[in-house]
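> I would like to see how this sequence folds:
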Amino acid sequence: MSEKKIRDDATTIDSVRDNVLRVTDEVAKVHPQLAQSVSNLQLDYIQTVKSTIQTGFANQKQILSALNIPQVPQVSEQVAKQSTDITENVARSIGIFNQLSLNALDAARENAKIYNRTVDAVTEFNNNLLRTWTAYWSAQQQPMYRA
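Numbers count the residues shown, from 1 in each chain. Below is the predicted model of the structure:
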């Protein structure tokens, strides 16, 4: 293989590597804006849901008041108690789900670090293997060139 071809191949590999790194940098550059935009959208949806709930219950209250329907106190107390129990269970479930999600994200970050270290180790191994093989191959070729 000619020296120029080896140099051209190395230049091509370097060029492609630089372009892939540049694309990665571009993604990293826009990520904070995208994450903030998604977060803002979530907050807007939460506010819209809260407003819808407030309006819906205000309408129900107004209708019950206008119709003047008597309510049985025991039923009202039972409904209020069940609503409170359900709310506490849902809030507890949300807390557990949140902790599980955070743990999963932490584990994913740790896995990415482990993967990176593994790639480094495999790359080092492959480089050492290539150097050893090249040295062996060159040593085997020496007697052929002397003849």
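
> alpha carbons only for contacts and neighbour counts from here, please
Will do.

> How many neighbouring residues does Leu64 have?
Leu64: 13 surrounding residues under other Cα atoms under 10 Å.

> That one: helix or strand, and which one exactly?
For Leu64, the host element (DSSP states H and E) is helix 3-67.

> Run through the neighbouring helices and strands of that helix.
Taking 3 or more Cα pairs under 8 Å, 6 or more residues apart in numbering; DSSP states H and E as contact, there are no helices or strands that helix 3-67 lies on.

> so how far is it off the chain centroid?
Between the centre of helix 3-67 and the centre of its chain there are 11 Å (Cα atoms, centre = their mean, to the nearest Å).

> quick one: the residue most central in space within the chain from Pro32, how far?
In the chain, the centroid-proximal residue (Cα atoms, centre = their mean) is Leu105; its distance is 7.2 Å. According to Cα to Cα, to the nearest Å, Leu105 and Pro32 sit 17 Å apart.

> Tell me which residues touch Ile53, please.
By Cα atoms under 8 Å, 6 or more residues apart in numbering, Ile53 lies in contact with nothing.

> what about the chain, any weak spots by pLDDT?
Where the chain drops to pLDDT under 70, the residues are 1-7, 143-147.

> the longest helix in this structure is where?
helix 73-146 (DSSP state H).

> Tell me both backbone torsions, phi and psi, for Pro70.
Main-chain torsions, Pro70, degrees, to the nearest 10: phi -70, psi 140.

> do the same with Val72
Per degrees, to the nearest 10, the backbone of Val72 is at phi -80, psi 120.

> That one: neighbouring residues, count only.
8.

> From Ile46, how far out is it?
Per Cα to Cα, Val72 is found 34 Å from Ile46.

> likewise Val119?
Counting by Cα to Cα, the gap from Val119 to Ile46 is 42 Å.

> Outline the domain layout of this structure.
Per automatic domain parsing, the domain ranges recorded for the chain read 1-73, 87-147.

> Could I get these in CSV, plus columns for distance to Val79?
Formatted as CSV, those follow (distance: least, Cα to Cα, whole Å):
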stretch, distance to Val79
domain 1-73, 10
domain 87-147, 12
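
> closest one to Lys81 among these?
For Lys81, the closest of those is domain 87-147, at 9.8 Å, according to Cα to Cα.
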